[in-house]
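>>> with the input below, show me the fold.
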Amino acid sequence: MTAAELHLKIEKFDEQIKGFGINNFNGKTLWQMKSEIIEYFRATNFADAEEKQSNWSKFQTLADLLKEKQDTITSENEAFAINAELLIKEIETTIRNGFYSNNPEREAIGDLKAKMDKTFDYFKQPRWPSKERRTAAWDHFSELREKLKQEENEFYTHLREAKAEQVHLSHQLSLVIIETIEASHPDASTNFLYQALQQLTEYLVSIGFAPESVEWILANKEAEPKAPLKMKSEGLKEVRRLLNENQDELTRDDKQRIYAKLEMISAELNKAWDAHREELQKKQEEWEERKKTNEMKRAEWLVKQTDFLKVLTEKLEKRTFDKENLDKILINKKDFHSRQHLRLKNQNEFLAKITEDLADMQEKLNTAWTDNFKERMAEKVTQKETKIAEVKRDISEVTAKLAEVEKDIVEITEKVANIDKSTEELKLKIEEVKKNLE
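Down below sits the predicted model:
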C-alpha cells in the first residue's frame with residue numbers, strides 16, 4: 001500500500017470519528033478501522049521516516065479521540081439504560097398493588113399512560129449498553145404492560161356493568177317522578193296527587209333515601225283542603241329540589257324527559273295561577289270602584305296625594321339604597337384598581353427577572369459541551385420562554401382590567417352625582433306634598 005492510500009484511509013477514519021456520538025453510536029466499525037490502519041502501517045512504504053511519523057501522529061491523535069468518545073458514549077449509554085430501568089421501576093411500583101382497583105382519577109390514568117409511552121420510546125433508540133440488557137428490560141416492561149392491560153379491561157368491564165345498573169335505576173326513578181309531576185296538573189285531583197306523593201316517598205326510601213329527607217312529600221297533604229294549587233306548586237318545587245340534589249342518580253336522557261314534563265306541567269300551573277289571580281284582581285277592582293263612587297272628591301284627592309307621597313318616599317329610599325350600593329361598589333373598584341396596579345408592577349419586575357434568567361440559560365446552551373447538558377438546558381430554555389409568554393399575557397390582561405375599572409370608576413362617580421341631584425329634587429317634592437296634606 002502506498003503512503004497516499006494510507007493517508008486516504010486515515011482521512012476516512014477522521015470523518016467517521018466526527019460523526020461518532022452524533023448520528024452514530026456504534027463504535028464497532030471504527031475499532032475495526034483502527035486495527036486495519038495499524039496493519040496498513042506495517043505494509044506501507046513511506047518516502048522517509050518523517051512522512052511515516054506525520055501519518056502516525058495524526059492517526060494516534062484520532063485513536064485517542066476515538067477512545068475518549070467511546071468512553072463518553074459508554075457512560076451516556078449506561079445512564080440511558082439506568083433512566084429506562086428506573087422508569088420501568090416507577091411503573092412497577094405504581095401498579096404493584098393494583099392500579100385500576102383504586103379507582104384512579106382521569107389525570108392519574110393519563111400520567112401512567114404517558115410513562116408507558118415514554119418507556120416504550122426508550123426501546124426505539126440504539127443507546128442500550130448491550131442487547132442482553134435491552135432484552136431483559138423489554139421483557140420486564142412487556143410483563144408490566146400486559147398486567148396493566150388485563151387490569152384495565154376488568155376495570156372498564158366493571159364500569160360498563162355499573163353504568164347499565166345505573167341506567168336501569170335511573171329509568172325506574174324517572175317513571176315515579178314523572179307520575180308525581182303529572183299528578184300536579186291543575187285538573188288532577190288532590191287525592192291523586194297525594195297517592196303519587198306517597199308512592200314517590202316509598203320508592204325513595206326503598207332505594208336508600210333517609211325517611212327524614214322526604215318528609216316534605218307527605219307534609220304537603222296539609223295544604224290539600226285550603227289551597228290545592230299551592231299544594232301542587234309546592235310539590236313541583238320540591239321535585240325540582242330533589243332533582244338538583246340528586247343529579248348523579250339520573251341519566252341525561254331521563255333528566256331531559258323529567259324536565260320536559262316538569263316544564264309542561266309548570267306552564268299549566270302558571271296559567272291556573274294567573275286565572276286565580278285575575279279573579280281575585282277583578283273582585284278587588286270592583287270593590288275599589290264601589291268605594292271610589294262613595295268617596296268625596298276631597299277624599300279622592302287625598303288618596304292620590306297619599307299614594308303619590310308613598311311613591312316619592314319609596315323612590316327616595318331607593319335612591320338612598322342605590323347610592324349606598326354604588327358607594328360600596330366604588331370602594332371595591334378603587335381597591336381592585338390598587339391591587340391590579342400593584343400586580344402589574346410585580347409582574348413587570350418578575351418579567352425582567354425571568355428575562356435575565358433566560359439570557360443566562362441561552363448563554364449556557366450556546367456554550368454547552370455535552371449533548372446531555374445541551375438537551376437539558378434547551379428544555380429549561382423552552383420552559384422559561386413559556387413562562388415569559390404566560391407573564392406577558394397576564395400583564396396584558398391586567399392592563400386591560402385597569403383600563404376597564406378606571407372607566408367603571410368614572411361612570412359610577414357620575415351616577416352617584418346624578419343620584420345626589422335627583423335625591424335633593426325628591427326631598428323638595430316630598431316637603432311640597434306634605435304641606436298640601438296638612
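>>> where's the residue most central in space within the chain, which helix or strand?
Closest to where the C-alpha atoms of the chain average out (CA atoms, centre = their mean) is Glu107, at 11.2 Å. Here Glu107 sits within helix 106-122, counting by DSSP states H and E.
>>> tell me what angle the very next helix or strand once past that helix forms with helix 106-122.
Counting by DSSP H and E, the element after helix 106-122 in chain order, helix or strand, is helix 131-182. Orientation of helix 131-182 against helix 106-122 (axes from the mean of the first three to the mean of the last three CA atoms, to 10 degrees) gives an angle of 160 degrees.
>>> helices or strands up against helix 131-182?
helix 49-95, helix 106-122, helix 190-206, helix 228-245, helix 252-294 (3 or more CB pairs under 8 Å, 6 or more residues apart in numbering; DSSP states H and E). Where you see a C-beta, it was placed from the backbone N, CA and C, and this is true even at glycine.
>>> sorry, back to before: list the contacts of the residue nearest to the centre of the chain.
If you count contacts by CB atoms under 8 Å, 6 or more residues apart in numbering, Glu107 has none.
>>> how about Pro186, secondary structure?
Secondary structure, DSSP: H, G, I helix; E, B strand; the rest coil: Pro186 is coil.
>>> my guess is it contacts Ala272, does it?
Yes. If you go by CB atoms under 8 Å, Pro186 and Ala272 touch, sitting 3.8 Å apart.
>>> could you measure from Leu262 over to His171?
17 Å (CB to CB, to the nearest Å).
>>> let me know the pLDDT of the spatially closest residue to Gln16 that is not a sequence neighbour.
Leaving aside its sequence neighbours, Gln16 sits nearest to Leu30 (CB to CB, 6 or more residues apart in numbering; 5.7 Å). Model confidence at Leu30, given as pLDDT, is 76.
>>> list residues touching both of Pro186 and Ala272?
By CB under 8 Å, 6+ apart, the residues touching both Pro186 and Ala272 are Leu229.
>>> so what's Ala389 up against?
So Ala389 contacts nothing (CB under 8 Å, 6+ apart).
>>> try Thr399
Leu344.
>>> which SS state does it fall under?
helix.
>>> ok, it to Gln340 distance?
Taking CB to CB, one finds Thr399 at 9 Å from Gln340.
>>> what is the burial count for Asp254?
Using other CB atoms under 10 Å, Asp254 has 20 other residues around it.
>>> for it, what are its contacts?
Ser170, His171, Leu173, Ser174.
>>> same thing but at 10 Å, please
Val167, Leu169, Ser170, His171, Gln172, Leu173, Ser174, Leu175, Ile177, Ile178 (CB atoms under 10 Å, 6 or more residues apart in numbering).
>>> list buried residues within those.
Using 16 or more other CB atoms under 10 Å as the burial test, the contacts of Asp254 include Ser170, Leu173, Ser174, Ile177, Ile178 as buried.
>>> do you know how far the third one is from Ile181?
Ser174 sits 10 Å away from Ile181, taking CB to CB as the criterion.
>>> which residues do the two both contact?
Common neighbours of Ser174 and Ile181 (CB under 10 Å, 6+ apart) are Ile258, Lys261.
>>> tell me where the model's unsure across this protein.
21-27, 157, 159, 161-166, 189, 205, 207-227, 294 (pLDDT under 70).
>>> show me what the top helix by length along it is packed up against.
Secondary structure of the chain per DSSP state H: the longest helix is helix 297-366. Contact partners of helix 297-366 among helices and strands, from 3 or more CB pairs under 10 Å, 6 or more residues apart in numbering; DSSP states H and E: helix 252-294, helix 371-437.
>>> give me that answer again for 7 Å
Here helix 297-366 touches helix 371-437, going by 3 or more CB pairs under 7 Å, 6 or more residues apart in numbering; DSSP states H and E.
>>> distance from the chain centre to the helix it packs on, please.
Centre-to-centre, helix 371-437 and its host chain are 25 Å apart (CA atoms, centre = their mean, to the nearest Å).
>>> now stretch 281-295
On CA atoms, centre = their mean, the centre of stretch 281-295 falls 61 Å from the chain's centre.
>>> pull the residues that contact that stretch.
For stretch 281-295, contacts defined as CB atoms under 7 Å, 6 or more residues apart in numbering pick out Glu300.
>>> can I get the CA coordinates of it in PDB?
The C-alpha trace of stretch 281-295 is given here as PDB (Å, rounded to 0.1, in the frame of the first residue of the first chain):
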ATOM      1  CA  GLN A 281    -107.900  41.100  41.000                       C
ATOM      2  CA  LYS A 282    -111.300  41.500  39.400                       C
ATOM      3  CA  LYS A 283    -113.100  41.300  42.800                       C
ATOM      4  CA  GLN A 284    -110.600  43.800  44.200                       C
ATOM      5  CA  GLU A 285    -111.200  46.200  41.400                       C
ATOM      6  CA  GLU A 286    -115.000  46.000  41.800                       C
ATOM      7  CA  TRP A 287    -114.700  46.700  45.500                       C
ATOM      8  CA  GLU A 288    -112.400  49.700  44.900                       C
ATOM      9  CA  GLU A 289    -114.700  51.100  42.200                       C
ATOM     10  CA  ARG A 290    -117.700  51.000  44.600                       C
ATOM     11  CA  LYS A 291    -115.500  52.700  47.200                       C
ATOM     12  CA  LYS A 292    -114.500  55.400  44.900                       C
ATOM     13  CA  THR A 293    -118.100  56.100  43.900                       C
ATOM     14  CA  ASN A 294    -119.000  56.700  47.600                       C
ATOM     15  CA  GLU A 295    -116.000  58.900  48.300                       C
END
